[in-house]
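> No letters, just coordinates:
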């Protein structure tokens with residue numbers, strides 16, 4: 001008589017497989033909660049690289065600097081009684097020359113950094129903010145070799161600020177934004193990268209290292 005164990009083993013295996021299949025079918029019929037799907041950008045429109053937040057934060061602290069100085073008239077006819085008979089002392093009156101540049105507020109109390117050549121020899125200096133306010137400025141410091149100057153403006157309210165960062169941390173390839181007011185037509189923003197650091201022999205040998213950028217200024 002042959003053993004019946006293989007038969008019962010096969011029967012139990014068949015029942016087990018059928019039970020698992022039924023359980024799987026039962027689970028598949030149950031509703032499954034929706035899982036969040038991570039959406040990866042598939043088109044260029046889905047990727048947005050913008051400096052707008054940084055510009056909005058920095059632009060209010062970028063100012064226009066207006067400087068004016070009185071230059072004596074040097075007319076070849078000054079002192080000539082014939083011309084003075086018709087023009088009086090107009091030929092001796094000083095001529096008003098003006099210059100325009102950009103600056104940045106680096107302290108909420110009103111410290112402004114600008115270029116020395118903008119305010120060199122100026123009798124009057126005014127600073128205009130992006131919000132339309134204008135202030136008389138006082139020249140505190142000038143450095144002709146570095147072409148830098150520090151001005152002071154005063155207000156009851158704190159000014160917007162762009163703090164001075166550590167230039168030693170700048171690296172080649174860092175992104176650069178330049179904000180200014182060329183020709184007095186309004187603020188303009190350009191971008192570039194740090195092209196080189198520790199540049200020397202740029203106009204003067206006794207100055208420190210320079211950071212070179214290709215951002216249009």
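On my side now, so go ahead. Predicted, not measured: the structure shown is a model, and the values here were computed from it.

> Would you state the helices of the chain in chain order?
For the chain, applying DSSP state H gives helices covering 5-29, 52-58, 81-87, 116-119.

> could you say what helices and strands the last one packs with?
This means helix 116-119. Applying 3 or more C-beta pairs under 8 Å, 6 or more residues apart in numbering; DSSP states H and E, one finds that helix 116-119 contacts strand 62-71, strand 95-107, strand 138-143, strand 148-152. Bear in mind the C-beta positions are built from the backbone N, C-alpha and C, glycine included.

> Can you point out the buried residues in the last one?
Spelled out, that is strand 148-152. Neighbour counts using 16 or more other C-beta atoms under 10 Å place 149, 150, 151, 152 of strand 148-152 among the buried residues.

> Likewise for the first one?
Of all the residues in strand 62-71, those buried under the rule 16+ other C-beta under 10 Å are 62, 63, 64, 65, 66, 67, 69.

> List the contacts of residue 160.
Neighbouring residues of residue 160 by C-beta atoms under 8 Å, 6 or more residues apart in numbering: 60, 61, 105, 108, 129.

> quick one: which of those is most hemmed in?
residue 105 (24 neighbours; other C-beta atoms under 10 Å).

> what's the nearest residue to it if we skip its chain neighbours?
The shortest distance from residue 105 to any non-neighbouring residue, by C-beta to C-beta, 6 or more residues apart in numbering, is to residue 61 (4.4 Å).

> Need the per-residue pLDDT for that neighbour.
We note a pLDDT of 97 for residue 61 in this prediction.

> shouldn't it be in contact with residue 158?
No. With contact defined as C-beta atoms under 8 Å, residue 61 does not reach residue 158; the gap is 11.1 Å.

> coming back round to it: contacting residues around the residue nearest to residue 105?
So residue 61 contacts 104, 105, 106, 159, 160, 161, 162 (C-beta under 8 Å, 6+ apart).

> do residue 70 as well
Per C-beta under 8 Å, 6+ apart, neighbours of residue 70: 94, 95, 96, 97, 123.

> Residue 67 too?
By C-beta under 8 Å, 6+ apart, the neighbours of residue 67 are 98, 99, 100, 101, 118, 119, 122, 124, 125, 126.

> In this structure residue 144 contacts residue 116, no?
Yes. Contact criterion C-beta under 8 Å: residue 144 and residue 116 qualify, at 5.5 Å.

> Between those two, tell me which one has more neighbours.
Set residue 144 next to residue 116 and count neighbours by other C-beta under 10 Å: residue 116 wins out with 18 against 10.

> So that one sits against residue 150, correct?
No. Applying C-beta under 8 Å, one finds residue 116 not in contact with residue 150, separated by 9.8 Å.

> Identify the contacts common to these two.
What both residue 116 and residue 150 touch, as defined by C-beta under 8 Å, 6+ apart, is the set residue 142.

> what would the buried residues of strand 148-152 look like in a markdown table with pLDDT and distance to residue 202?
Output for the buried residues of strand 148-152, formatted as a markdown table (pLDDT from 0 to 100; distance: C-beta to C-beta, whole Å):
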| residue | pLDDT | distance to residue 202 |
| --- | --- | --- |
| 149 | 97 | 19 |
| 150 | 98 | 22 |
| 151 | 98 | 25 |
| 152 | 98 | 29 |
